[in-house]
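Novice: No sequence on hand, only this structure:
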């Protein structure tokens with residue numbers, strides 16, 4: 001470098017150092033000799049300060065410093081925008097992994113014929129799975145006497161085994177609300193929702209919510225022997241099972257058999273073995289120890 005150019009470089013460096021010092025003085029409020037109007041330190045000031053420091057380092061200390069490192073230091077600074085930090089804590093999506101200490105959401109469908117063992121299986125899973133809750137399709141039946149129910153004249157009875165007897169839209173909304181609510185846990189984990197019911201997989205808006213679906217099958221004799229031991233409100237009338245319940249189940253089963261992502265299970269198998277099979281499967285999906 002020519003001798004006549006060195007004073008210009010030294011003068012430029014001196015000006016940069018003064019600018020850097022002025023930013024530090026304004027930030028720390030240590031200059032008591034001059035009375036200047038108070039000005040809020042902005043993100044631009046912080047950025048300028050870091051860029052000036054990097055520039056001086058490049059000239060006087062580390063000539064190999066790359067430009068990319070200057071901006072990496074800026075991005076990693078503790079002076080980053082708080083709103084950007086908050087955004088990092090938001091969930092990636094409704095059903096995926098949550099960042100921070102939020103829960104990953106899984107929605108599991110447990111369907112099958114009436115009296116196929118759905119409720120028993122759900123109760124066992126609730127007692128075994130951490131951070132697990134349940135929604136029951138039976139809680140969304142219309143009230144008896146509702147005009148939306150189909151009346152069966154020959155049985156003098158309402159039809160409770162078709163989809164129009166259930167408030168499906170409300171069921172879907174409640175599941176979506178559960179999924180969208182943020183769940184804060186003491187450590188990163190998985191939150192599981194079990195949804196049980198006899199008509200879950202014939203309703204497209206509901207099908208789109210499940211991460212995993214199970215269906216318990218039973219034969220007619222087992223289904224009838226179990227059903228006649230239970231009490232319903234309103235009670236079954238003679239002929240209701242043969243005319244409504246079983247034909248509706250067969251139609252439902254025929255329709256969903258075309259859906260290849262449903263795991264069909266034998267509802268007549270040992271309850272404990274059935275429970276252990278589904279439990280291990282869910283634990284594997286949720287990446288939980290088992």
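Specialist: Looks like it arrived, so ask away. Being a predicted model, the structure only gives us computed values, none of them experimental.
Novice: contacts for the host helix or strand of residue 125?
Specialist: Element membership for residue 125 (DSSP states H and E) is helix 118-128. By C-beta atoms under 8 Å, 6 or more residues apart in numbering, the list of residues contacting helix 118-128 from outside reads 110-112, 132-134, 136, 194, 196-198, 216, 271, 274-275, 278-279, 282. Where C-beta positions appear, they are placed from N, C-alpha and C, glycine not excepted.
Novice: Of those residues, just the buried ones, PyMOL syntax please.
Specialist: Selection of the buried residues among the contacts of helix 118-128 in PyMOL, burial being defined by 16 or more other C-beta atoms under 10 Å:
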select buried, resi 110+111+112+132+134+194+196+197+198+216+274+275+278+279+282
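Novice: Quick check: mean pLDDT of the helix holding residue 125?
Specialist: In this model, helix 118-128 has an average pLDDT of 97.
Novice: In helices, which of the contacts of helix 118-128 fall?
Specialist: 271, 274-275, 278-279, 282 (DSSP state H).
Novice: Redo those residues as CSV? Include pLDDT and distance to residue 153.
Specialist: Formatted as CSV, these follow (pLDDT from 0 to 100; distance: C-beta to C-beta, whole Å):
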residue, pLDDT, distance to residue 153
271, 94, 39
274, 96, 40
275, 97, 42
278, 97, 41
279, 96, 46
282, 95, 44
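Novice: Which one of the residues you listed is nearest to residue 170?
Specialist: Ranked by distance to residue 170 (C-beta to C-beta), these are led by residue 282 at 25.7 Å.
Novice: Let me know whether that closest one touches residue 211 as I believe.
Specialist: No: checked against C-beta atoms under 8 Å, the pair residue 282 and residue 211 is beyond contact range at 9.6 Å.
Novice: Name the residues contacting each of those two.
Specialist: Counting by C-beta under 8 Å, 6+ apart, the shared contacts of residue 282 and residue 211 are 106, 108.
Novice: Could I get the contacting residues of residue 282?
Specialist: With contact set as C-beta under 8 Å, 6+ apart, residue 282 has these partners: 106, 108, 125, 129, 192, 212.
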